[in-house]
Each structure stands twice: as C-alpha cells, then as structure tokens.
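Asker: sequence and computational prediction follow.
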2 protein chains.
Amino acid sequence: MVSESMYELGTKKSTIRTIFEFGRKRAAEVGEENIFDFSLGNPNVPTPEFIKNAVIDILNTMDVNAIHGYTVAPGHPMVRDALAKSISKRFDTNVTANNLFLTAGAAAAITITFKALNEKQDEFIAFAPFFPEYRCFVENVGGKLVVVPPKIEDFQIDFDAFKSKISPSTKAVIVNSPNNPSGAIYSKETLEALANILSDKEREYGHPIYIISDEPYREIAFDGVVSYIPKIYKNTIVCYSYSKSFSLPGERIGYILIPSEVEGFEKVYGAVAGAARVLTHVNAPSLWQYVIARCADKPSNIEIYRKNAKLFYDGLIDAGFKCVKPQGAFYLFPQSLEKDDYAFCERAKKYDLLLVPGADFGAPGHFRATCCTKTETIERALPLFKKLAAEY
Amino acid sequence: MVSESMYELGTKKSTIRTIFEFGRKRAAEVGEENIFDFSLGNPNVPTPEFIKNAVIDILNTMDVNAIHGYTVAPGHPMVRDALAKSISKRFDTNVTANNLFLTAGAAAAITITFKALNEKQDEFIAFAPFFPEYRCFVENVGGKLVVVPPKIEDFQIDFDAFKSKISPSTKAVIVNSPNNPSGAIYSKETLEALANILSDKEREYGHPIYIISDEPYREIAFDGVVSYIPKIYKNTIVCYSYSKSFSLPGERIGYILIPSEVEGFEKVYGAVAGAARVLTHVNAPSLWQYVIARCADKPSNIEIYRKNAKLFYDGLIDAGFKCVKPQGAFYLFPQSLEKDDYAFCERAKKYDLLLVPGADFGAPGHFRATCCTKTETIERALPLFKKLAAEY
C-alpha cells in the first residue's frame, strides 16, 4: 500500500522523541519547572533584533512580488553575491556568487551534497560521536555510512582507526566541528593531519575524496576561530546554516559552498543543482534569502552558551563526572557512570534529568546534555546530578 | 566523481530556461517593453496587504524564539488546527490537524507523496497536458510515470485511453485541476466518471489506487468552485500550495491533506512523515506557518487573471487560433498553427513572442502562453499574433 521503509522512518520513535514525550508527561504531573530537559538542541538565545528590523525594512521597501517571488534555484544572485563577499572578506579567500547554492538549512545542504556525490553505494565516513540523521540521509540517497570510533580522551580523530576505514569506495568524509554532540572543535593540527591522509589516499586511488564540512555550529566557538577547512584541504564542500548563529532553526535557510578549487567544480555544482531538484528544492525561502544578505556580517550572540557550558561543565566535574571540556556548540558529552548509557539515562529520569544516551551518536558509555536551556535550569539540576552520582 | 544523472538533471537546460535566456538577450537589444514573454508561470498579482500585516503583527506580538524555532515535522499543531477548521468549514467536511502535513510548497508536497506511496517501480498516471516536473519527481523516487494522451477538444479525460493505461501496478493518478498548462477545470461529471473507474479497478486488483490532487491553482477558477475531490473519491490525497493563491511562490509553504477516510490512513500519514524526513524536510518555514494560519480564510484576488485570460483568449480566437477556453489557472493552451509546435514557437520569436511548445507538456501541436503578465503586454502582443497567424 505504501513504502514500508518510509513508514518505518516516519513512525519509529527516536530516543529523543521518547524522552521528550516522557518530559511532557512528567511536566503535567510535577510542574514544568521541576523537569530538567537537557535532550533538545533548540537554540534559546533570542533571535537578534537586527533580524526583525531586516524583515520589516524589506517588507517596507522592496517590491512585494520581488520579496515573495521565485528566485533562481541556487538563490538570488544579489544574495549570493553579498554572502560571497562576506565569506571572502572573513576568510581571506575568493568566493563568488557562483560558488554558492542556497538551501533550506543544513539538513537540506548535506542531503543534497550526499545525493550529488553518490554514484553507486559510495562510502561516506563519519567520526563518532556524530549527528544520527547522517545515517538516514546517506542511506536514503543510496550511499553507505562508515563510522570511525570515537577518540574519547579529546574527541579529535583516531587516525589509525580512520585509516583502516578509508577504501577506494570512500567518496567523502563528514566533518562536524564544533561538534554535535561532543562540543569539541577540531584543532588545526587535526585538520592538517586529516588533509594529509586524504591527499595521500586521493593519489593512491586516483580520484578525489571530498570533505563535507557540516557547519551549523561554526559561530559557537568559545575560544576563538574555527578553521576554514577549504584553506587546509582543497576538496572541501561547506554546508552552512543560520539556524544556530541567528536562532532561526524553523525558517530553514543555509547554503552549500563549493569553492572553485574543488576538483571537478563544475560537475559538483551541476550535480548539486540536480540533486536539489529531485529533493523538493525549488528555492530557499525567498524572504529569508534577503534577510541573510542584509545580515551576513552581523555577529552571533554566544554568551549564554559560553556561560552555561562553563557552569554545567564545572558542576559535572565537581560531581565526579568525566567530561571533555566543550569548546563550542551547545552540548556536553560526559561519560555515563555505568557502561550501559541507556541504563544510566533511565536512572537519571528518577531525578527528572532528561539526557540522551551516547550510543545514539555512535559513542556508547556517554550521554549528551544540552546547555541551550535557562541558566537557572542548570543551576537547579546540578545538585541532582550530585545525588545521581552518589548512587554509583 | 559525482552522480552523472544528478549532473544531467542539474545542467540540462529546460525549454523554458532557454526561452528565458533568449528573452534576456533580446531585451538588452530591443528594450524590455518590446519583449512579450509568455513563458514563465510567475504570479503577478501583488501579494495581498493582509500577508504583510500578518507578518508584522506576528513579529510584534509572538515570542521571537517561538516564531523562528523548530516546529514538529508535520507543522505546528495550532497552525494545522486552524487550517483544518478552515478546510472543514469551506468544504463541509471533517478534517483535523492530524490529517495535515505542512510542506515547503506543492513541489515538496507531491514529491513526498510519490516517495511515500511508491513501493517498487509503481506506476503513477498523469493526464496530458501535464506539469513536466512530474516525470522528474516520480522517476527519482523510483516510480514510473504513465501518460494518458490529451483529449484536445476540451482537456477533460479521454476515458478509453485512461482505461488502457491502468494496470495492477497503478499506485496513483495525478489530477491537476485547474490545469497547468491548459487552464481547464475537471467537471463534476469527469471526476465522478474517474472515481467510478478507479473504484472498479480497486475492487478488481484488490488494492487502493489513490488520486493525488495537485492543487496549486485551486483558487484561480473563473466561474466558481473547483470540486473538493475527497468528497467524490475517498482515496484522495490533496497537495496544496499558497504560491499562487497568495502570490508567495518564493516562500515555499503548502500542505499535504490525507483525509481519515483514505484507505490505510495511518500507513499513508506515517510514510509521508518518513519520506519528508529523507527529502530534506525538517519543518515547513515556521514564520510562514503562522502567517497562513492567520490568513486561512482570506480570499485570493484573481481578477487580473480573469481579465487577462478573457482578453488573451478573445484576441487569439479573433486572430484565427483554436483554443479551449481557459476556466482557471493563468495559462492558455492554443493549438499551434503548424503541427510541429517547436517550429511554431521558433517562428513566433521573430515577433519577440516567447511561447512554450506543447510537447514539453505531453501535448504536441499546442503552445502554452501565460496570462500572469501586465494586461498591456497582452494588448500590445495581440496584433503580433495576428501577423504571425497571417504567415500560415
């Protein structure tokens, strides 16, 4: 009657969804303020005032059919030009409108890129811990997700494990730094070592291996700048989103950046356009195109995330948890206090602490806790984490 | 290096694109006002003032993170509830929030529906003339598009031809009324005859055959109401878009309506959710969800289209063209004055009349002309159509 695989994908409850529903049930019983939901990655920094001002100014000054009309599929040339200038200035590079393809956020950007690159069950490598939707997106364009186990001491890359996973079928490597769920940022050294290995393998296999740099958390970096990977490795395709940087996750606006230096640039850009076409893309929402063009050089407000991450990290360490110090994004990824992270998260529910098991991200023995909550929620939760730790 | 099929889909110039580029070149040579571009289906009725007012009111009254935050994948329950109430009242039926899945416009709605329904190279029937992207969308979810030849005297359905195309592999029939490109609206009699045949075939084959009703032009009906197909045939899934009704094509907002009466409702809705997930859907753009919830009962302004269609139709008949009188949408689909519609459209270029060959829509010997242009453009073009006709 219908596609069974689609039915399963559409109805199987994710762990996060199950936790969310448990939280709603408990909130009704004990009150919203007594539920400590650290499961959802929803930005809580208010969308900046300059976004609202840009929307209103556009509505008051632009021709109404131009604001809301179709743009060409890659996005309005004026918008792409503005973004290209901003990127070029910021990273001292030479990006033009022709290197950009605007999408409905990062989920669309990465899925379109997977579909464009996949020829026949190509392999896409992800480093654990990783965003679980990668598997669903890669498999549904016909590719195969290959997972490199986590380097748990710092969540950089275990290069021996990585080398054992590369094969002639490797089409691309997914990099997500700052990382969901670990909060780690790849150091320049990590990225250079990665680039060296990939360059060697490209020569050995005689075909390009792309880095797909999934960068929704680029702006949320506590100690400075995140490396611009195309300058370290030329075959890098960047997937960007304004969901976190401007707190606009519901509006679905982002882009794919394919630098001209990418091997087969013209082929890759063309395939991205084709993949977009069959993946329901007509154009990225037009009003939001004009908004981001006007706000391209505006800063992100990350102070709440920085403050919450420090508070949460210090508190967990004090309570006896082991945790890699988060450098960005808005997550902590501590070790669970028993091997079975599902059992641990289940036990945490006793205190109404809602946590996501690390196994969901390919890193069992850990749990993810978001710090995009009210600071007060973290403050009030920390004594409960202490009580929980005391049970072990 | 990349997917060759995606590269081809992304780079092969469509006829309309080629015409568009010719138009730009000619406009630079002879001036914008001397180009009569009837090729693009871009709504030219200004987006209504109530849309702008709704956006500004939402920005001024709702919590900013609620406006721009993620919604659940099917769309915010409050929004779906408002739309369901509006639909139920209008069509005297009983739709609830649980029957709706909000999408990024109709292209997403139909592609997600194709993907949800397709099991294994299932057949989807389209009636010529039809929107050419149907082929691309159906084939790329693994289905097969089966085309019923046009009934050129009135662009209703040639039922003998239709019956010969139905098979046990038929999963769904695509209905697009008011029609792009013919401007025809299926009569109640046509729809009832279609429903009878489908019901018989469902019994014969022992499985449901769905109607996918693609309704971006529903509101643009010159002589009254378009039938609400779920009341005529229970296994009808409606794909709707606000692109044309509110002149919002760039914003990508629409929905899939799966009435509870649809056979396997729960399976279909679940498969739609799964298909959306792998087709880059996270949620329909959130601000636009809230806007359409507020404007659900507002009327569409179709007077320009009505006026232009009459003017254009009368003028072409006067010039000696044969044309089915358009009842809705914003297109005319006259017969070309020579059998080869490509040759005809090529000859029309001599007068800077830009027309799309009917063969692109599965109906050779015709051409499509849009009437979503300035009325003056049509007025000034009609003498040129007369000159063109005089050549034959």
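Answerer: Perfect, thanks for sending it. Residues are numbered from 1 along each chain as shown, chains lettered A, B, ... in the order given.
Asker: for the one residue in the stretch 101-250 of chain A that gets nearest to chain B, which non-adjacent residue is spatially closest?
Answerer: Scanning the stretch 101-250 of chain A for proximity to chain B using Cβ to the nearest Cβ identifies residue A:250 as nearest, at 2.8 Å. C-betas here are computed from N, CA, C, even on glycine. Spatial nearest neighbour of residue A:250, excluding adjacent residues (Cβ to Cβ, 6 or more residues apart in numbering or on different chains): residue B:286 at 2.8 Å.
Asker: quick revisit: confidence score at the residue of the stretch 101-250 of chain A closest to chain B?
Answerer: According to the prediction, residue A:250 has pLDDT 97.
Asker: right, and it touches residue B:283 too?
Answerer: Yes. Shown here, residue A:250 and residue B:283 form a contact pair, counting by Cβ atoms under 8 Å, at 6.0 Å.
Asker: which residues do these two both contact?
Answerer: B:70-71, B:289 (Cβ atoms under 8 Å, 6 or more residues apart in numbering or on different chains).
Asker: in helices only, show me the residues you listed.
Answerer: residue B:289 (DSSP state H).
Asker: on that earlier part again, contacting residues around the residue nearest to residue A:250?
Answerer: Taking Cβ under 8 Å, 6+ apart, we find residue B:286 in contact with A:250-251, B:67-71, B:76.
Asker: ok, now which ones touch residue A:134?
Answerer: By Cβ under 8 Å, 6+ apart, residue A:134 lies in contact with A:110, A:124, A:126, A:145, A:174.
Asker: to clarify, my last question referred to residue A:319.
Answerer: Residues counted as contacts of residue A:319 (Cβ under 8 Å, 6+ apart) are A:382, A:385-386, A:388-389.
Asker: by neighbours, which of those wins?
Answerer: The most crowded member of the contacts of residue A:319, judged by other Cβ atoms under 10 Å in any protein chain shown, is residue A:385 (25 neighbours).
Asker: what helix or strand does it sit in?
Answerer: Assigned by DSSP states H and E, residue A:385 belongs to helix A:375-390.
Asker: how distant is that helix from the center of its chain?
Answerer: Mean C-alpha position of helix A:375-390 versus that of the full chain (Cα atoms, centre = their mean, to the nearest Å) differs by 27 Å.
Asker: please apply the same query to stretch A:61-77.
Answerer: Between the centre of stretch A:61-77 and the centre of its chain there are 28 Å (Cα atoms, centre = their mean).
Asker: mind listing what's buried along it?
Answerer: For stretch A:61-77, burial by neighbour count (16 or more other Cβ atoms under 10 Å in any protein chain shown) applies to A:65, A:67-71, A:73-76.
Asker: go back to these and keep what's next to chain B.
Answerer: The residues of these that also fall near chain B, by Cβ under 8 Å from any Cβ of the partner chain, are A:65, A:67-71.
Asker: which residues touch the residue lying closest to residue A:194 once chain neighbours are set aside?
Answerer: Distances taken as Cβ to Cβ, 6+ apart place residue A:157 nearest to residue A:194, at 6.2 Å, with adjacent residues excluded. Counting by Cβ under 8 Å, 6+ apart, residue A:157 touches A:127, A:148, A:151, A:186, A:190, A:193-194.
Asker: most surrounded residue in these?
Answerer: Most neighbours among the contacts of residue A:157, by other Cβ under 10 Å: residue A:127, with 29 neighbours.
Asker: ok so, going back, mark which of the contacts of residue A:134 are part of strands, please.
Answerer: Of these, the ones assigned to strands by DSSP state E are A:124, A:126, A:145, A:174.
Asker: the third one - how many residues pack around it?
Answerer: Just to be clear, that refers to residue A:145. Residues lying near residue A:145 (other Cβ under 10 Å) number 18.
Asker: name whatever forms a beta bridge with it.
Answerer: Under DSSP bridges, the beta-bridge partners of residue A:145 are residue A:124.
Asker: domain map for chain A?
Answerer: Annotated domains of chain A cover A:4-47+A:301-390, A:64-295 [automatic domain parsing].
Asker: okay, helices next: where are they in the stretch 1-150 of chain A?
Answerer: Using DSSP state H, counting those that start in this stretch, the helices of the stretch 1-150 of chain A run over A:4-11, A:15-30, A:49-61, A:64-68, A:77-91, A:105-117, A:133-140.
Asker: check the stretch 251-392 of chain A too.
Answerer: Applying DSSP H, counting those that start in this stretch to the stretch 251-392 of chain A gives helices spanning A:265-278, A:286-295, A:303-318, A:341-348, A:375-390.
Asker: closest to residue B:261 out of the ones you listed?
Answerer: Closest approach to residue B:261 among these is made by helix A:265-278 (30.8 Å; Cβ to Cβ).
Asker: closest one of the contacts of residue A:319 to residue B:167?
Answerer: For these, the residue nearest residue B:167 by Cβ to Cβ is residue A:388; the value is 61.1 Å.
Asker: what sits against that closest one?
Answerer: By Cβ under 8 Å, 6+ apart, the contact list for residue A:388 reads A:319, A:337, A:347-348, A:350-351, A:353.
Asker: apply 10 Å and report the result again.
Answerer: A:319-321, A:337, A:344, A:347-348, A:350-351, A:353, A:355, A:381 (Cβ atoms under 10 Å, 6 or more residues apart in numbering or on different chains).
Asker: mark which of the residues you listed are buried, thanks.
Answerer: A:319, A:321, A:337, A:344, A:347-348, A:351, A:353, A:355, A:381.
Asker: wait, which of those residues is closest to chain B?
Answerer: Within the buried ones among the contacts of residue A:388, proximity to chain B (Cβ to the nearest Cβ) peaks at residue A:355, which comes in at 19.7 Å.
Asker: which ones are touching the closest one?
Answerer: Contact partners of residue A:355, counting by Cβ under 10 Å, 6+ apart, are A:19, A:36-39, A:332, A:334, A:336, A:341, A:344-349, A:366-370, A:385, A:388.
Asker: go on, residue A:70?
Answerer: For residue A:70, the contact set (Cβ under 10 Å, 6+ apart) comprises A:76, A:282-283, A:286, B:40-43, B:243, B:249-252.
Asker: and it, what pLDDT?
Answerer: We note a pLDDT of 93 for residue A:70 in this prediction.
Asker: quick one, phi psi at it?
Answerer: Note on residue A:70: its backbone torsions stand at phi -50, psi 150 [degrees, to the nearest 10].
Asker: if we can go back for a sec, identify the farthest-apart pair in the buried residues of stretch A:61-77.
Answerer: In the buried residues of stretch A:61-77, two members sit farther apart than any others by Cβ to Cβ. They are A:65 and A:74, at 20.1 Å.
Asker: re earlier: dump the contacts of residue A:319 into JSON lines; add pLDDT as well.
Answerer: Formatted as JSON lines, the contacts of residue A:319 follow (pLDDT from 0 to 100):
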{"residue": "A:382", "pLDDT": "98"}
{"residue": "A:385", "pLDDT": "98"}
{"residue": "A:386", "pLDDT": "98"}
{"residue": "A:388", "pLDDT": "98"}
{"residue": "A:389", "pLDDT": "97"}
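Asker: which parts of the stretch 251-392 of chain A sit against chain B?
Answerer: Contact residues (Cβ under 10 Å from any Cβ of the partner chain) of the stretch 251-392 of chain A with chain B: A:251-253, A:263-264, A:266-290.
Asker: what's the PyMOL syntax to select whichever of those residues are buried?
Answerer: Entered in PyMOL, the line below selects the buried ones among those, by 16+ other Cβ under 10 Å:
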select buried, chain A and resi 251+252+253+264+267+268+269+270+271+272+273+274+275+276+277+278+279+280+281+282+283+284+285+286+287+288+289+290
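Asker: ok now the helix ranked longest in chain A, how far from the chain's centre?
Answerer: Looking across chain A with DSSP H, the single longest helix is helix A:188-205. Mean C-alpha position of helix A:188-205 versus that of the full chain (Cα atoms, centre = their mean) differs by 22 Å.
Asker: give the buried residues for that helix.
Answerer: Of the residues in helix A:188-205, A:190-191, A:193-195, A:197-198, A:201-202 count as buried by neighbour count, 16+ other Cβ under 10 Å.
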